[in-house]
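1. Provided below for reference: sequence and predicted model.
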Amino acid sequence: MPRTCTTCRHPQRPAIDRALVAGDSVRDIAGRFGLAKSAVDRHKQEHIAREITRVKQAKDAANALDIVGQLSFINAVALNLLADAGVRSHGDTRPKDPAVALRAAAEVRKQLELQARLLGDLTDAPQVHLTVAISAQWVQVRAILMAALAPFPEARAAVASQLAVAEAQLHAAH
């Protein structure tokens, strides 16, 4: 029959756990609460360390969700800037303010890339670039870039040509 942790059953366990987490010595804690030093040490190694790991993982997950939330907010702001500049996700209407449209489109692209990297959807591995090239988000960003470049035919043609070459290479590789 497995042994029950005497420290876990102690009526002052929360105080013992706080003392362990605070870094008090196992010998002092054992003496203060009338426990064997080996029991307190075993409790620290088997129960406290595991709980600290669980709490740290929960905090890491919460921080990751917060980062994703902040990125989503920044994406929404950049998309609103595009809308304010007169750029729609589809169609070839000319933006009211091409300079703002270009900056906002660049910000949207950077945010999408960063968000994809943080979520593990994008790495530096070459095969991942195909996923970006054919994703709905990329298609939308490409359309926004082309709309923003409409007043600049030479720049639009150069960007469109480079995108077509890159996408063709990616499709051929897949």
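-> That came in fine, so what should we check first? Residues are numbered from 1 along each chain as shown.
2. Pick out the residue closest to the middle of the chain.
-> Using Cα atoms, centre = their mean, the residue of the chain that lies closest to the mean C-alpha position is residue 118, 3.7 Å off.
3. measure that residue to residue 56 for me?
-> Distance check for residue 118 against residue 56: by Cβ to Cβ, to the nearest Å, it reads 19 Å. (Each C-beta comes from the backbone N, C-alpha and C, glycine too.)
4. now the helices for the chain?
-> Per DSSP state H, the chain carries helices over the ranges 6-9, 13-22, 26-33, 37-43, 49-84, 98-118, 126-134, 136-148, 153-173.
5. mean pLDDT lowest for which of those?
-> Between the helices of the chain, the one with the least mean pLDDT is helix 126-134; it has a mean of 49.
6. What are the structural domain limits within the protein?
-> 6-55, 85-173 (automatic domain parsing).
7. Can you add distance to residue 62 and give those domains back as CSV?
-> Putting the domains of the chain into CSV (distance: least, Cβ to Cβ, whole Å) gives the following:
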stretch, distance to residue 62
domain 6-55, 10
domain 85-173, 14
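8. Out of those domains, which gets nearest to residue 76?
-> Ranking the domains of the chain by proximity to residue 76 (Cβ to Cβ) places domain 85-173 first, at 9.7 Å.
9. Show residues contacting stretch 43-51.
-> In this structure, residues lying in contact with stretch 43-51 by Cβ atoms under 8 Å, 6 or more residues apart in numbering are 5, 6, 7, 8, 16, 17, 20, 21, 26.
10. Can you tell me which of these are buried?
-> Buried positions within the contacts of stretch 43-51, assessed by neighbour count (16 or more other Cβ atoms under 10 Å), are 7, 16, 17, 20, 26.
11. show me what contacts the fourth one?
-> Just to be clear, that refers to residue 20. With contact set as Cβ under 8 Å, 6+ apart, residue 20 has these partners: 26, 29, 40, 43, 44, 48.
12. okay but the third one is in contact with residue 30, surely?
-> Yes: with contact defined as Cβ atoms under 8 Å, residue 40 and residue 30 form a contacting pair (4.6 Å).
13. Please say which of those two ends up with more neighbours.
-> residue 40 (28 against 19; other Cβ atoms under 10 Å).
14. so how far is residue 7 from that one?
-> Here the criterion is Cβ to Cβ. By it, residue 40 lies 6 Å from residue 7.
15. Before I go, just wanted to say thanks for your time.
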